[in-house]
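Asks: Here is my input, please return the structure:
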Amino acid sequence: MDTLYSVHMGQAKCAVDLGDGSERGEYVNQDYILHKLGRPHRSISLMYCYYPLDEGFPERASVVHARPDVRFAWDYPYDDYFPYKGGLGGSTQDEPFRQMRDIRAHGQDVTLTLTIDPHVSDAQLAAIGQDLRPFGRVFLRINHEATGDWFSFNKRCTYQEVADFFVRASRIIKAEAPNVQTIICIDGVENMGDTEITCEKEFAQTIPEADIWSVDKYMALHWGWPYDVAEHGGTSHVRHKVRDIYALTKASYERYCVLNDGVPKPMVMSECNADGDVTGAYEQAEMLEEFCSILETENAVWFSGFTMYQFRDRGRLGLEIEDPNNPDVGIAQPLLETYKRIIHRSYFQPEMTQGEPVQLPVTLRWGHSEDADGLAIPLHFEKNPVFCELTFEDEGNYMLELNGFWFYRSPNAKTIDLMSAFYQKPLTGECDLTLKIFAPPATGENDLSAPDGMFQYRTELTKLPHIRIRFAPVED
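Replies: Presented below is the predicted three-dimensional model:
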């Protein structure tokens, strides 16, 4: 190890985000997900609701309003997502903020999907913005699938009122928290040959207002879960051709551009999957592979990224299925290995650019998951190692990458075993690899007292970890 270098982490050609918890599953901690998938995501998507004017809130709707005649996931007075415990009179020591801190400490941004009662006051919206100020870049998806008819906000308001609310909420929240980027998620172009998006008259105003455009496009979906079983001839499920999903998403983007006077913005798919209830486990994985292969083959530069819905699910929309005997246990599906292979392909990996030689001490800058400056340490390997580990003497919070595999080091951890980087990808001979170190905030929050603290977090690295590499057992 002779020379140290700076390294910059930038955007992937296609970013990958991951849903973690919803009405269909619980939140899974980021350490577990990182070990399972071998890399962090650009963003982790959380799904919450905010109906502070409703009786029973902030308890979960399916708990406080439980009744035996419910036959649909949204047959409650308000949406059955986890309740947002912040806002006016709330606390950021509860959820979703503990989860947001976990996500950001692990080098990822937060996508907060938040269904909101359109009748909340300006002061209540401003309080949400104040809640989000310390969390760096936050993607805020307000009242998603807004041209549908199942969420409570759609049952309470006209489409015009829902669209008007998106504009109002977006402006008020971003005035308090300029670090927030809002996402408009609507059906877009629903059918091949359509020349307009659904409810275009009402929602045209949201396209220039939002920072990011989105659609939710499931290649297959059983929306009747868990109240019925998808069977041939049933009416509570659907399956589409993968190529049609791609084409409709692109058509939506093109129409959004027209509505924004020809100026493009980032386009994402905020929920993407094929439901195993409809396809079975094997074809579910094949459909995701086909979709991602189209993105690569077409070099779809207009498409910024997608969110895999979701990590662990009580139904068949997860990389894991929740064990019905123990909700803390996940049962990996074929989709998990397929997805893992996809997100390790270069098209879906963040860009890494090695810079100039540097000397300690060095400042590591964390802007967000697509804009960070770290440290690159060249390492030489004689062959595949038997031992490879780092021992730290400082209390830094680090994300580490070696041989394409990522590790997290919390301030409390002393030694990190890096051998997982070689189990599935062993070295076949002598080679040089680069250990990369990045430093997101340990608490998950930025220091707002710093001049640019809303957008940047900095850590001074004064001493390297001890690197132990051995190429034979301790004793033969």
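Asks: list the buried ones in stretch 216-229?
Replies: 216, 217, 218, 219, 220, 221, 222, 223, 224, 225 (16 or more other C-beta atoms under 10 Å). (Each C-beta comes from the backbone N, C-alpha and C, glycine too.)
Asks: what does the model give the fourth one for pLDDT?
Replies: In this case it means residue 219. You'll see residue 219 listed with a pLDDT of 98.
Asks: Residue 1 too?
Replies: 55.
Asks: Kindly report the same for residue 476.
Replies: 85.
Asks: And it, how close does it get to residue 381?
Replies: 20 Å (C-beta to C-beta, to the nearest Å).
Asks: before we move on, what about residue 54?
Replies: 59 Å.
Asks: Mind putting the buried residues of stretch 216-229 into TSV with secondary structure?
Replies: Output for those, formatted as TSV (DSSP: H, G, I helix; E, B strand; the rest coil):
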residue	secondary structure
216	strand
217	strand
218	strand
219	strand
220	strand
221	strand
222	strand
223	coil
224	coil
225	coil
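Asks: any idea which of those is closest to residue 326?
Replies: residue 225 (20.3 Å; C-beta to C-beta).
Asks: residue ranges for the helices of the stretch 201-350 of the chain, please.
Replies: Along the stretch 201-350 of the chain, the stretches classed as helices by DSSP state H, counting those that start in this stretch are 206-209, 242-259, 276-298, 334-343.
Asks: how about these in a markdown table, adding mean pLDDT and mean neighbour count?
Replies: Compiled in a markdown table, these are given as follows (pLDDT from 0 to 100; neighbours: other C-beta atoms under 10 Å):
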| stretch | mean pLDDT | mean neighbour count |
| --- | --- | --- |
| helix 206-209 | 98 | 20 |
| helix 242-259 | 98 | 19 |
| helix 276-298 | 98 | 18 |
| helix 334-343 | 98 | 18 |
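Asks: and of the ones you listed, who's closest to residue 328?
Replies: Using C-beta to C-beta, those put helix 334-343 closest to residue 328, at 17.1 Å.
Asks: Report the distance from the closest one to the chain centre.
Replies: From the chain centre to the centre of helix 334-343 is a distance of 16 Å (C-alpha atoms, centre = their mean, to the nearest Å).
Asks: Which strands border the helix or strand just after that helix, and is each parallel or antiparallel?
Replies: Proceeding C-terminally, helix 334-343 gives way to strand 352-358 as the next helix or strand, assigned by DSSP states H and E. Strand 352-358 sits in its sheet next to strand 4-9 (antiparallel), going by DSSP bridges.
Asks: So between residue 476 and residue 381, which is more surrounded?
Replies: Using other C-beta atoms under 10 Å, the more surrounded residue of residue 476 and residue 381 is residue 381, with 17 against 4.
Asks: Next, the contact list for the closest residue to residue 244 other than its chain neighbours, please.
Replies: Closest residue to residue 244 apart from its sequence neighbours, by C-beta to C-beta, 6 or more residues apart in numbering: residue 192 at 6.5 Å. Contact analysis of residue 192 by C-beta atoms under 8 Å, 6 or more residues apart in numbering lists 244, 247, 248, 251.
Asks: likewise residue 132?
Replies: 112, 138, 140, 173, 176, 177, 179, 180.
Asks: mind redoing it with 6 Å?
Replies: 138, 177, 180 (C-beta atoms under 6 Å, 6 or more residues apart in numbering).
Asks: And the pLDDT for the second one?
Replies: Spelled out, it's residue 177. 98.
Asks: Would you confirm that it contacts residue 129?
Replies: Yes. Between residue 177 and residue 129 a contact is recorded at 4.1 Å, counting by C-beta atoms under 6 Å.
Asks: now the helices: where do they sit in the stretch 51-200 of the chain?
Replies: Going by DSSP H, counting those that start in this stretch, the stretch 51-200 of the chain shows helices at 61-64, 97-105, 122-132, 152-156, 159-176, 200-203.
Asks: what would these look like in a markdown table with distance to residue 47?
Replies: Putting these into a markdown table (distance: least, C-beta to C-beta, whole Å) gives the following:
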| stretch | distance to residue 47 |
| --- | --- |
| helix 61-64 | 13 |
| helix 97-105 | 11 |
| helix 122-132 | 15 |
| helix 152-156 | 14 |
| helix 159-176 | 17 |
| helix 200-203 | 21 |
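Asks: For the contacts of residue 132, pick the one with the most neighbours.
Replies: residue 138 (24 neighbours).
Asks: That one contacts residue 110, doesn't it?
Replies: Yes. Using C-beta under 6 Å, residue 138 is in contact with residue 110, at 5.3 Å.
Asks: List the neighbouring strands of the strand or helix carrying residue 380 plus their orientation.
Replies: For residue 380, the element it lies in under DSSP H and E is strand 371-381. Strand pairing for strand 371-381, using DSSP bridges, gives strand 4-9 (antiparallel), strand 362-368 (antiparallel), strand 431-438 (antiparallel).
Asks: buried stuff in the second one?
Replies: It stands for strand 362-368. Quick answer for strand 362-368 (16+ other C-beta under 10 Å): 362, 364, 365, 366, 367, 368.
Asks: Closest one of those to residue 230?
Replies: Of all the buried residues of strand 362-368, residue 368 has the smallest distance to residue 230: 38.9 Å, by C-beta to C-beta.
Asks: Looking at the buried residues of strand 362-368, which is nearest residue 459?
Replies: residue 364 (4.7 Å).
Asks: Quick check: nearest residue in space to the closest one, chain neighbours excluded?
Replies: residue 439 (4.0 Å).
Asks: ok, the one you found to residue 354 distance?
Replies: 17 Å.
Asks: What is the burial count for the closest residue to residue 379 other than its chain neighbours?
Replies: Using C-beta to C-beta, 6+ apart and skipping the chain neighbours, the partner closest in space to residue 379 is residue 433 (5.2 Å). Using other C-beta under 10 Å, residue 433 has 18 other residues around it.
Asks: I'd say residue 433 and residue 378 touch.
Replies: No. Counting by C-beta under 6 Å, residue 433 stays clear of residue 378, with 7.8 Å between them.
Asks: residues in contact with residue 10?
Replies: 351, 370.
Asks: For the remainder of this discussion, apply numbering that starts at 21.
Replies: Happy to do that; since the first residue is 21 now, the last one works out to residue 30.
Asks: so how far is residue 80 from it?
Replies: Taking C-beta to C-beta, one finds residue 30 at 39 Å from residue 80.
Asks: Who does residue 28 form a beta bridge with?
Replies: According to DSSP bridges, beta-bridge pairing links residue 28 with residue 373, residue 393.
Asks: Is it in contact with residue 373, as I believe?
Replies: Yes. With contact defined as C-beta under 6 Å, residue 28 reaches residue 373; the gap is 4.6 Å.
Asks: okay, these two: which has more neighbours?
Replies: Legend: neighbour count by other C-beta under 10 Å for residue 28 and residue 373, higher for residue 28 (16 against 11).
Asks: Can you check what pLDDT the model gives that one?
Replies: 98.
Asks: now do residue 192
Replies: Value listed for residue 192 in the pLDDT field: 98.
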